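>>> Show me the folded form of this:
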Amino acid sequence: YKSFIQTADCVQYLQKNISVGSNKLKYLLEQLPNFNKNCEDFSSFAQQIAEARAKNSVTQKLQSQLIELLQTPQLMETCVRNGCYDEALEIEANVQKLERLHPDIEIIQNIGKEVKSLNELMVVQLHQKLKLNIQLPACLRTIGFLRRLAIYDELQLRINFLKCRDVWLQSIFDNIPKNTPNSYLTKLADLNRINLFEIITQYKAVFSEDKQIKDGGIVLFNWITNRIEDFLEELKNNLQQVNEGSAIALILDQCMYFATSLGRISVDFRGLLPPIFENHILSLFSKAVMIATTQFIDSLFEKKWVLIAPILISTLANEKKDNFTAPQVLAEYPILAIYVNSILNAFNELSQCAPKSIQKDCAKILKKSMKQCATSIYSIKSRFLLTVEEITKWDKLCILFYTHCITYLSRCLDYTMDSKTQLINLSTIIDIFEDFNNSKVKNNNDNSNDENSKSNHVNSINNNNNSINEKKDQINNDDNNDSFKKIIEEVEKSKNNENLFKKNNPYYQAIKDENISKNLKEIEVEKLSLQSKTFK
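Here you go, the predicted structure:
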C-alpha cells in the first residue's frame, strides 16, 4: 500500500516539476554559446600566460647578459671618464653592431643614442688632452682615437690638431711674466723656439705627406706663418720699451737663434728680423743725439759757453796719443764736454747692437746734429752783443768745435760702425765757419803787426839795458876815471827813462803778461794754430 502511495506521490511531483526542468534546459541551451566563448577566451589567455612564462624563464636564464647590455652606457661613461678610450671604443663598436642586427628593438636603439652622446664627451676629452703638454707618443694615440671615432675627415683632423696645440702654446706665452720687456722678449723667443719646433715635429710624425689630401700642406704653412707674425708683432710692440744696447743685443741673439733653429724644418725667418731692430736702434740713437743737440743749443743760447774750466799744463802734456780718447782741451768748455759725452754714451749703446746696414743713417743723424750745433755756435756772434773777452772765448770755442769735437766724434762713429772709410764728410760742416776763418786770418795779420811793434819796443829796452851794462863795466875797469860822477848820473837817468817807458807803454805791459802765461799755454796755442791752418 505504501508503495502505491509513494508512487502516486512521485508521479504527482513529477507532473508538477517537469515544466520547471524543461524551462531550465531551455535556459541551459541558451547559455552554451557564451560558455563556449568564455572557454575560448580562457584558452587564449592561458596561452598568453604560458608564453609570458616561457619568456620569463628565458629572461631568467639570460639575466646576466641582459644586465650587461643595459649597463653598457654606464660602463662606457666610466671608461671615458677614466681615460680607457680603447675599451670605450670597443663598447661603441658592439653597440653599433647590435643596432644593425636589431633595428626593431627599441631598448637597443636607446642604448645606441646614449652611447653616441658619450662619444661627444670622449671627443671633448681628447681635444682637451691635445691642449696639454704631451709628447709625441701621446699625440699618436690621441689622433688614433679620433680617427677611430670617424667624426672628422683627414683635413679637419689636421686643423683640429693644430688648433688644440695652438691653445696650449698660447697658454704658455700668457704665463710669461711681463715685469721687464727684455726678459719677457728673451723668454718669449726661447719658448717659441722650443715649442714651435716640437709641435711641427709632432705634426709631421702624426700626419703623412699625402698629396691626395687637398690643402694638407697649406694648413701647417698657414699656422706657422700666423705664429711667426704674432711673434714679430709682439717683438715690435715690446722692443720699444727696451733702451739698453746690451739688452737689445741679447734679444737679437735669441731671435736669430730661434729663426736658425726653425731653419732645420725649412722655416727660417731671419730676413724678417733686421728691419724691426734697425728701426728701433735708429730711433734710440736719433733720440739720444737729439737730446744732446737740444741741451747743447739751449746751453749755448743761455751763454753757458762763457764759463771756462782751466786746464793744467800737466793734463795736456800727459794726454794719451789715441784716436779714440777724447781730447782734454774740450774740457775747457763744459758745454762741449757734455755734448761729446752724450754722443759717446749713444755710441756705447750703439756699439753693442748696431748692424752695419744702418751706418749711413747713423752718419746722417750725427751730421745733422753737428750742423745744427755749428750753425748755432756761428749765430752767437750775430745774436748777442759780445764783449772783447767773450769774443775771444767765442773764437776759441769755434776752433775747438771744428778742429777737435767733430773730428773726434767722426772717428768714433767710424770705429763704432767698423767702417774703413770716413762716414761723415766734415767739409760741409767746416764751411759754416768759413767767414770766421777769413776773419781769423785778418786778425792774425793785425796781431803780427802788433807783435812787430812790441818786439821793437822790447829791442829798444834791451839796447838801453846793454848800454847800462857797458857803462857799469867801464866804471869797474877804471875806478879813477874823472868822469865817474858823470857816468853815474847818466846811468841813473837811463834807469829813470826806462821805468818811465815801462810805466807809460801799454805794449810793454802786454809783453810782460804774455811772457808770464806763455809757458803755460804754449803747447795748446801752437796745437790749435796748426790744426786751424790744416783745416783751412
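>>> Show the subsequent helix or strand relative to the lengthiest helix in the chain.
Criterion DSSP state H: the longest helix present in the chain is helix 2-61. Using DSSP states H and E, the helix or strand that follows helix 2-61 in sequence is helix 63-70.
>>> Quick one: distance of that following helix to the chain centre.
On the basis of CA atoms, centre = their mean, to the nearest Å, helix 63-70 sits 64 Å off its chain's mean C-alpha point.
>>> what does stretch 14-33 give?
Relative to its chain's centre, stretch 14-33 lies at 119 Å (CA atoms, centre = their mean).
>>> Quick one: low-confidence residue ranges for the stretch 351-500 of the chain.
433-500 (pLDDT under 70).
>>> Buried ones in whatever helix or strand residue 377 lives in, by neighbour count?
For residue 377, the host element (DSSP H and E) is helix 359-383. Using 16 or more other CB atoms under 10 Å as the test for burial, helix 359-383 gives 359, 362-363, 365-367, 369-370, 372-374, 376-378, 380-381. All C-beta spots, glycine's among them, are computed from the backbone N, C-alpha and C.
>>> ok, residues contacting that helix?
282, 285-286, 289-290, 292-293, 296-297, 300-301, 305, 339, 343, 350, 354, 386, 391, 394, 397-398, 401-402, 406, 409-410, 413, 417, 419, 423-425, 428-429, 432-433, 435-436 (CB atoms under 8 Å, 6 or more residues apart in numbering).
>>> Any stretches of the stretch 101-250 of the chain with poor pLDDT?
Judged by pLDDT under 70, the stretches of the stretch 101-250 of the chain that qualify are 210-216.
>>> how about the helices in it?
Along the stretch 101-250 of the chain, counting by DSSP state H, counting those that start in this stretch, helices occupy 106-130, 136-149, 154-174, 181-206, 216-239, 245-262.
>>> Mean neighbour count and distance to residue 39 for the ones you listed - can I get that in JSON lines?
Output for the helices of the stretch 101-250 of the chain, formatted as JSON lines (neighbours: other CB atoms under 10 Å; distance: least, CB to CB, whole Å):
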{"stretch": "helix 106-130", "mean neighbour count": "16", "distance to residue 39": "36"}
{"stretch": "helix 136-149", "mean neighbour count": "16", "distance to residue 39": "60"}
{"stretch": "helix 154-174", "mean neighbour count": "16", "distance to residue 39": "69"}
{"stretch": "helix 181-206", "mean neighbour count": "18", "distance to residue 39": "75"}
{"stretch": "helix 216-239", "mean neighbour count": "16", "distance to residue 39": "78"}
{"stretch": "helix 245-262", "mean neighbour count": "19", "distance to residue 39": "93"}
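>>> Need those in a markdown table (columns: distance to residue 99).
As requested, the helices of the stretch 101-250 of the chain are exported to a markdown table (distance: least, CB to CB, whole Å):
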| stretch | distance to residue 99 |
| --- | --- |
| helix 106-130 | 5 |
| helix 136-149 | 16 |
| helix 154-174 | 25 |
| helix 181-206 | 31 |
| helix 216-239 | 34 |
| helix 245-262 | 49 |
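>>> Which one, of those, ends up nearest to residue 82?
helix 106-130 (10.4 Å; CB to CB).
>>> the inter-axis angle of that closest one versus helix 154-174?
50 degrees (axes from the mean of the first three to the mean of the last three CA atoms, to 10 degrees).
>>> contacts for helix 106-130?
Helix 106-130 is contacted by residues 69-70, 72-73, 76-77, 80-81, 83, 85, 88, 91-92, 95-96, 98-99, 102-103, 138-139, 142, 145-146, 149, 151, 160-161, 164-165, 168 when judged by CB under 8 Å, 6+ apart.
>>> isn't residue 88 right up against residue 79?
Yes: at 4.0 Å, residue 88 counts as touching residue 79 under the criterion of CB atoms under 8 Å.
>>> between the two, who's got more neighbours?
Comparing residue 88 with residue 79 by other CB atoms under 10 Å, the one with more neighbours is residue 88, at 25 against 20.
>>> residues of the helix or strand hosting that one that come out buried?
Residue 88 is part of helix 85-101 when elements are defined by DSSP H and E. The neighbour-count check on helix 85-101 (16+ other CB under 10 Å) flags 85, 88-89, 91-92, 95, 98-99 as buried.
>>> Also stretch 394-405?
Using 16+ other CB under 10 Å as the test for burial, stretch 394-405 gives 394, 396-405.
>>> Span of it from start to end?
For stretch 394-405, the first and last residues are 15 Å from each other (CA to CA, to the nearest Å).
>>> same deal with stretch 74-88?
End-to-end distance for stretch 74-88, by CA to CA: 11 Å.
>>> could you show me where the helices are in the stretch 351-500 of the chain, in order?
With DSSP H, counting those that start in this stretch as the criterion, the stretch 351-500 of the chain has helices at 359-383, 388-400, 406-416, 427-430, 434-477, 484-504.
>>> re the thing from before, pull out the buried residues from the contacts of helix 359-383.
Neighbour counting over these (16+ other CB under 10 Å) leaves 282, 285-286, 289, 292-293, 296-297, 300, 305, 339, 343, 350, 354, 386, 394, 397-398, 401-402, 406, 409-410, 413, 417, 423-424, 429, 432-433, 436 as the buried ones.
>>> Which of the residues you listed fall in strands?
Judged by DSSP state E, the subset of the buried ones among the contacts of helix 359-383 located in strands is empty.
>>> So what touches stretch 65-78?
Contact partners of stretch 65-78, identified using CB under 8 Å, 6+ apart, comprise 59, 84, 88, 91-92, 94-95, 98, 107-108, 111, 114-115, 118, 121.
>>> chain center to the strand or helix carrying residue 346, what's the gap?
Assigned by DSSP H and E, residue 346 belongs to helix 334-351. Centre-to-centre, helix 334-351 and its host chain are 26 Å apart (CA atoms, centre = their mean).
>>> Repeat that for stretch 28-44.
Relative to the centre of its chain, stretch 28-44 is centred 101 Å away, using CA atoms, centre = their mean.
>>> cool, and stretch 146-157?
Between the centre of stretch 146-157 and the centre of its chain there are 39 Å (CA atoms, centre = their mean).
>>> got it, and stretch 272-287?
Distance of stretch 272-287 from the chain centroid (CA atoms, centre = their mean) equals 12 Å.
>>> Now that stretch: average pLDDT?
What stretch 272-287 shows for mean pLDDT is 92.
>>> Can you name the residues in contact with it?
For stretch 272-287, the surrounding residues in contact (CB under 8 Å, 6+ apart) are 228, 232, 235-236, 239-240, 242-243, 248, 252, 255-256, 259, 346, 349-350, 353-355, 357-358, 361-362, 365.
>>> Could you export that stretch as CSV, CA atoms only?
Taking C-alpha atoms only, stretch 272-287 is exported to CSV below (Å, rounded to 0.1, in the frame of the first residue of the first chain):
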residue,chain,number,x,y,z
LEU,A,272,112.2,89.5,-41.2
LEU,A,273,114.2,90.5,-38.1
PRO,A,274,116.6,93.2,-39.2
PRO,A,275,114.0,95.9,-40.2
ILE,A,276,112.5,95.7,-36.7
PHE,A,277,115.8,96.0,-34.8
GLU,A,278,117.2,98.6,-37.3
ASN,A,279,114.3,100.9,-36.9
HIS,A,280,114.4,100.6,-33.1
ILE,A,281,118.1,101.1,-32.9
LEU,A,282,118.0,104.1,-35.2
SER,A,283,115.2,105.5,-33.1
LEU,A,284,117.2,105.2,-29.9
PHE,A,285,120.3,106.7,-31.5
SER,A,286,118.4,109.5,-33.0
LYS,A,287,116.6,110.3,-29.7
